[in-house]
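In: What follows is a predicted structure for the sequence shown.
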Amino acid sequence: ISYLLESEYGLELPRRLQIEFSQAVQAVMDTDGKELTASDLWQLFEREYGLQSDAVPAYKVGQADDGRVQLTADVQLDGRRCAVAGEGTGPIDAFVVALNDATGLAIRVLDYHEHAVGAGANARAVAYLELRVNDQTLFGVGIDANIVSASLKAIVSGLQRAQSSTSAIPTGRAEQGAFQ
């Protein structure tokens, strides 16, 4: 699976993501009763990790007087755009703080991998973030020409996957209209 995604699409999946994605592949193979081509795997990967989603956060990054990073973003949460703001040691940390505050969820980044696909002006960054959302551990994936944007997309990808896999995740303050 990972060999095909790497050789055909340039993705270098971290080992734990390979294990996670192989479960989705196995479920499809059990249902369809056939082997998947590289194109089938790519389409499943895009669908599983929301790579075609419009939930791309528009963001601004600044720096506080104490050197910490401040980030404001407009992000899609539960089908609605919400303005979020956070402060942290870097853009990823600030975005996670903002999402924790906006949703009431306990979101943590456990692991981070990134690499480039392509070269030169056409290169794109791929970010793989292993997240813990409340008590659920899963990956999010983001692809963008900008590494910060790819990382934020990966966080949104993981959060959306967590929310779609369980209805028990509370929507927190965002649902109460704190950002309207």
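Out: Sure, I can see it. Numbering: from 1, shown residues only.
In: just the strands in the protein please.
Out: For the chain, applying DSSP state E gives strands covering 58-63, 69-77, 80-88, 107-117, 124-133, 136-144.
In: Setting the sequence-adjacent residues aside, check what's closest to the residue most central in space within the chain.
Out: The chain has Ala154 as the residue nearest its centroid, 2.1 Å off, counting by Cα atoms, centre = their mean. Counting by Cβ to Cβ, 6 or more residues apart in numbering, Gly142 is the residue found nearest to Ala154 once chain neighbours are left out, at 3.5 Å. (Each C-beta comes from the backbone N, C-alpha and C, glycine too.)
In: got any ranges where the protein has weak pLDDT?
Out: Counting by pLDDT under 70, the chain contains low-confidence ranges at 54-56, 166-180.
In: List the contacts of Ile1.
Out: Each residue near Ile1 by Cβ atoms under 8 Å, 6 or more residues apart in numbering is listed here: 18, 21-22, 25, 41.
In: for Glu48, same thing?
Out: Taking Cβ under 8 Å, 6+ apart as the test, what Glu48 contacts is 21, 24, 161.
In: before we move on, what about Gln52?
Out: For Gln52, the contacting residues are Glu46, by Cβ under 8 Å, 6+ apart.
In: Same question for Val133.
Out: 105-107, 158-159, 162, 169.
In: cutoff 7 Å now
Out: Shown in contact with Val133 (Cβ atoms under 7 Å, 6 or more residues apart in numbering): 105, 107, 158-159, 162.
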